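K.L.:
structure for the following, please:
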Amino acid sequence: MIKLSTEYTSIYFINSIGSEIGGENYLSIDLKAYQIEYMLGYIAGSMTETNKIGRLFGFNVPYSFSMFTAFIKGAKEANPLVKGHIITMNAWGDEEKEKGAIEIFKANNIDFIGGSTHEGYIHNQGILSVGEYYDWEINAGEGVMASSVPSWEFLYIDVIDSLIENGTMPYNNIYAGIEFKGPPIDISQLSVKVNRKIAKRVFSIRKKLLEGKDDIFCGPMKDYHGTIVIENGTCLNETQIKLWSHVTEEDTVNFGDYEVPYRQCEPGTYYIMNYLENKISCFPCPAGTASKRTNENSCFTCPPNFFAQGEGNVNCTVCPAGHSSSEGSYECRQDPLPWYAWLLAFGLPVVMLIIGFLLFVCSVFIIQYLVQYIKKQRRILRTAENMSISIAKMDLDNETLISLFSTPFPTGLDIQFRKIIENLRVYRPYLPDTLFAKDDIEEDTFSLARRVSFSSSRNKVMPLTRRGSSSSSSSNFSTRSPEEQAGMVLEKLQHRMQTGLELKTCTLMVVDFKDINQIASEIDPENLAMMMNQALSKLTIAVKRNNGVIHSIQGDKILCSWNAVSRIGTHSKPAVESSIAFLNLIDRKKRQWEKSKLPIIYPSISIYTGECLCGTLGSHKMRSYTLFGPAVNIAYAMTKINRYYNTTILMNDACKEKVKFWCKNRIVDKIQFMHHRNHAIATEVLYEVLIEKKEEDSSWLVSSTMNSTNDVDLSLRYYNMGMISYMNNNLEEAKDQFDKALAQHNVNEALRDTIEKVNMRMEHDNIEPPAYVIHGQPELN
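P.N.:
Now for the predicted structure:
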């Protein structure tokens, strides 16, 4: 790469895990991975029970030697009796070699291994481990105590920013450790199996390294043969560490290089390897399978309509005509006779007669379709001409446009004209009166009637009658008194405003910021406005990505909707996805607020799917798209219930039915929503969307079978069965299911709190659903 950099001086080259120094367009980057290895070694030395720990090498290079030296030195600090064991793979990530080496370690009673890229296999052998260059606990489970995790992006961003701003490399050679900004490499979160004493010492070492106090390669230090290679009081510099080529500690056991034996299994067979004895055995492929190449570790299954009879097959044979087979079959079976064979048996003349009749019917339909199509095209042309003239005159209430909205089967052109007219009607109140057709009211009519008439013409929502120059309608209006004229116009305006509302099934989401009033009293208004703007910007991103609309902000509550303004086929799931996306975005802001020593805003979210009235209301001076009805009231009321039950995302039964196969949920309670006059509006079963955090980046996920433990699954199952029994008045069965739920491990605190509330109601023989009064003082019994 250095040679290329000298030939192409206009191109910048970056070499990761490199130590060479080149020209101005060449940069070598290396990480002080040995710092993390020292902490991982301390964990290994503290937790080994046999005082034997193992370390895998990819190759015998200075990079590997420096990492093992730090690993064994950290282990010796924790346990002076520990003994190190090493095996060199001469490969990176070779699964078979690593499995064989792990079997050797296991046979020698080694109970802690580092340096492997197959942590899941180690965990299955009952051996503890530490990972390298990845947080292996995510995929390998509880057997991984910690890992080294690099973050190259911090270094790349600095280099790219410098190239963009200055046109030069910021460094010539980088040997970055934990003390570097970022940091570019660090230790992962420790496993729960690491006790507090060990974790405290590891964090102490990390703090020391962050301060730049790196004394890992300071003497005295001996090599594999017991010779002192670093004198007491002497420390190696970065260049010497990069060139380090010693295996330290004379009691280290080197098993040497591990090689996989040559495989000699012929086609039609597969091999099984005994890693401990380093032997390979060949076996013939069973019936229904085959292998085409030599040295296969498994046989492939014959696809449908192929078979492999007997053992040791090299290929699968296709079934003969009229025969078929299922996947992995060793024989083919004869197919049943097709349906057309029976048809031919009844006679070909009958079939031809039916085909002729069908052709005749099709020709009749085609002719009718062509005639209708020609008529339709002519009608479209006439309609387009009349509509264009009406739109050009801004006369939006004539008969042509009225008939456009009453067409039962609108064409694509009709739909586009509808959209144009609807947009013109929405923006009509904000346009000058001179753009519209004049009203039919005479100029000398009473001033009140004239003002109301002009206001009516600007605020029409849906046209009811034709606005034209008909002499009969004009004379009928002009013969009435001014008061009657005003009344007619007001009645017409009121009816049009009412017809502007539409009853829709939509999904509402109300975001409630907890304790925002208390936070407002603790910080200055500038910081409060900054935090709220940041939170609202994250909410806007989450809602817009999922095709939602933010409607209004009322104090500490924000109303969002789906399928209200624009039609969406599936609207419950996007609402739930928006809520989880918002929690992820706001969590990142929480860390910034904590660094700035600002209080934290904790949102809770209520999601309700139901029918509500939607439409545009207002006057010619101001209009607003409005949602109201019981669904909106219940959605806002659910925020109080969210606080009462200490839940994060709450949804009703209609929403749950749309997302139940996508995410887990638990029954919170059956709530009866009451009017302030003790009139029941609705009784809803409310559910909590179960979410959990990923440890590596603290982001929220929907809890599913793939990322939850069996204990949590059982606890949730028993809890939901108990709630169903409770709501069906089976109190004894409900108590039994609740006891089973509480007996599981890792029970969620919100779930435990709900069980306590329900048990308290059952002890007082109160099985009625809690009542929530929407208007007035809220009460939950």
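K.L.:
all contacts plus neighbour counts: C-alpha atoms, from now on.
P.N.:
Will do.
K.L.:
packing partners for the helix or strand hosting Pro349?
P.N.:
Under DSSP states H and E, the secondary-structure element containing Pro349 is helix 348-392. Judged by 3 or more CA pairs under 8 Å, 6 or more residues apart in numbering; DSSP states H and E, helix 348-392 is in contact with helix 399-405, helix 412-427.
K.L.:
make CSV from the ones you listed and add mean pLDDT, distance to Ile600 and mean neighbour count to it.
P.N.:
Converted to CSV, the helices and strands packed on helix 348-392 look like this (pLDDT from 0 to 100; distance: least, CA to CA, whole Å; neighbours: other CA atoms under 10 Å):
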stretch, mean pLDDT, distance to Ile600, mean neighbour count
helix 399-405, 70, 52, 16
helix 412-427, 75, 41, 15
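K.L.:
so which of those helices is nearest Tyr26?
P.N.:
Minimum separation from Tyr26 across the helices and strands packed on helix 348-392 (CA to CA) falls at helix 412-427, 59.0 Å.
K.L.:
what angle separates the closest one from helix 348-392?
P.N.:
Here the directions of helix 412-427 and helix 348-392 differ by 30 degrees (axes from the mean of the first three to the mean of the last three CA atoms, to 10 degrees).
K.L.:
name the helices or strands packed onto helix 412-427?
P.N.:
helix 348-392, helix 399-405.
K.L.:
so how far is the shortest one off the chain centroid?
P.N.:
This means helix 399-405. 46 Å (CA atoms, centre = their mean, to the nearest Å).
K.L.:
now do stretch 398-415
P.N.:
With CA atoms, centre = their mean, you get 43 Å for stretch 398-415.
K.L.:
only alpha carbons, please: show it as PDB.
P.N.:
Output in PDB follows, covering the C-alpha atoms of stretch 398-415 (Å, rounded to 0.1, in the frame of the first residue of the first chain):
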ATOM      1  CA  ASN A 398     -71.700  25.100 -10.600                       C
ATOM      2  CA  GLU A 399     -73.600  22.000 -11.700                       C
ATOM      3  CA  THR A 400     -70.600  20.500 -13.600                       C
ATOM      4  CA  LEU A 401     -68.400  20.400 -10.400                       C
ATOM      5  CA  ILE A 402     -71.300  19.200  -8.300                       C
ATOM      6  CA  SER A 403     -71.900  16.300 -10.600                       C
ATOM      7  CA  LEU A 404     -68.200  15.500 -10.400                       C
ATOM      8  CA  PHE A 405     -68.500  14.600  -6.700                       C
ATOM      9  CA  SER A 406     -71.600  12.500  -7.200                       C
ATOM     10  CA  THR A 407     -70.200  10.300 -10.000                       C
ATOM     11  CA  PRO A 408     -70.400   6.600  -8.700                       C
ATOM     12  CA  PHE A 409     -67.500   5.400 -10.800                       C
ATOM     13  CA  PRO A 410     -65.000   8.200 -11.200                       C
ATOM     14  CA  THR A 411     -62.200   8.000 -13.700                       C
ATOM     15  CA  GLY A 412     -58.600   8.900 -13.100                       C
ATOM     16  CA  LEU A 413     -59.200  12.400 -14.600                       C
ATOM     17  CA  ASP A 414     -62.300  12.900 -12.300                       C
ATOM     18  CA  ILE A 415     -60.200  12.000  -9.200                       C
END
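K.L.:
so for the helix holding Pro349, mean pLDDT?
P.N.:
Taken as a whole, helix 348-392 has a mean pLDDT of 83.
K.L.:
can you check stretch 524-541 too?
P.N.:
89.
K.L.:
list the buried residues in it.
P.N.:
528, 531, 535-536, 538-540 (16 or more other CA atoms under 10 Å).
K.L.:
just the ones of the residues you listed in helices?
P.N.:
In helices, judged by DSSP state H, the following of the buried residues of stretch 524-541 are found: 528, 531, 535-536, 538-540.
K.L.:
dump these to a markdown table, plus distance to Thr683.
P.N.:
Putting these into a markdown table (distance: CA to CA, whole Å) gives the following:
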| residue | distance to Thr683 |
| --- | --- |
| Leu528 | 37 |
| Met531 | 36 |
| Ala535 | 32 |
| Leu536 | 32 |
| Lys538 | 33 |
| Leu539 | 29 |
| Thr540 | 31 |
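K.L.:
measure Lys538 to Glu763 for me?
P.N.:
Distance of Lys538 to Glu763, given as CA to CA, to the nearest Å: 44 Å.
K.L.:
quick check: which of the helices and strands packed on helix 412-427 is buried the most?
P.N.:
helix 399-405 (a mean of 16; mean count of other CA atoms under 10 Å).
K.L.:
so which elements touch it?
P.N.:
Against helix 399-405 (3+ CA pairs under 8 Å, 6+ apart) you get helix 348-392, helix 412-427.
K.L.:
can you lay out those helices as a markdown table showing distance to Leu503?
P.N.:
Formatted as a markdown table, the helices and strands packed on helix 399-405 follow (distance: least, CA to CA, whole Å):
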| stretch | distance to Leu503 |
| --- | --- |
| helix 348-392 | 29 |
| helix 412-427 | 18 |
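K.L.:
before we move on, the earlier item: nearest to Ala734 among the buried residues of stretch 524-541?
P.N.:
Using CA to CA, the buried residues of stretch 524-541 come closest to Ala734 at Leu539, 38.9 Å.
K.L.:
check contacts around that closest one.
P.N.:
Contact analysis of Leu539 by CA atoms under 8 Å, 6 or more residues apart in numbering lists Phe582.
K.L.:
again, only using 10 Å
P.N.:
511, 533, 550, 558, 560, 578-579, 581-583, 585-586 (CA atoms under 10 Å, 6 or more residues apart in numbering).
K.L.:
for the stretch 1-150 of the chain, what spans make up the helices?
P.N.:
2-7, 33-47, 62-78, 95-107, 119-124, 137-140 (DSSP state H, counting those that start in this stretch).
K.L.:
tell me which of those is the most buried.
P.N.:
Mean neighbour counts for the helices of the stretch 1-150 of the chain (mean count of other CA under 10 Å) peak at helix 33-47, with a mean of 27.
K.L.:
with only the CA atoms kept, save that one in CSV.
P.N.:
The C-alpha trace of helix 33-47 is given here as CSV (Å, rounded to 0.1, in the frame of the first residue of the first chain):
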residue,chain,number,x,y,z
ALA,A,33,-5.8,-3.8,22.0
TYR,A,34,-3.4,-5.0,24.7
GLN,A,35,-4.9,-2.5,27.1
ILE,A,36,-8.3,-4.2,26.9
GLU,A,37,-6.6,-7.6,27.0
TYR,A,38,-5.0,-6.6,30.3
MET,A,39,-8.5,-6.0,31.8
LEU,A,40,-9.9,-9.2,30.2
GLY,A,41,-7.0,-11.1,31.6
TYR,A,42,-7.7,-9.8,35.1
ILE,A,43,-11.3,-11.1,34.8
ALA,A,44,-10.0,-14.5,33.6
GLY,A,45,-7.5,-14.8,36.4
SER,A,46,-10.1,-13.8,39.0
MET,A,47,-12.8,-16.3,37.8
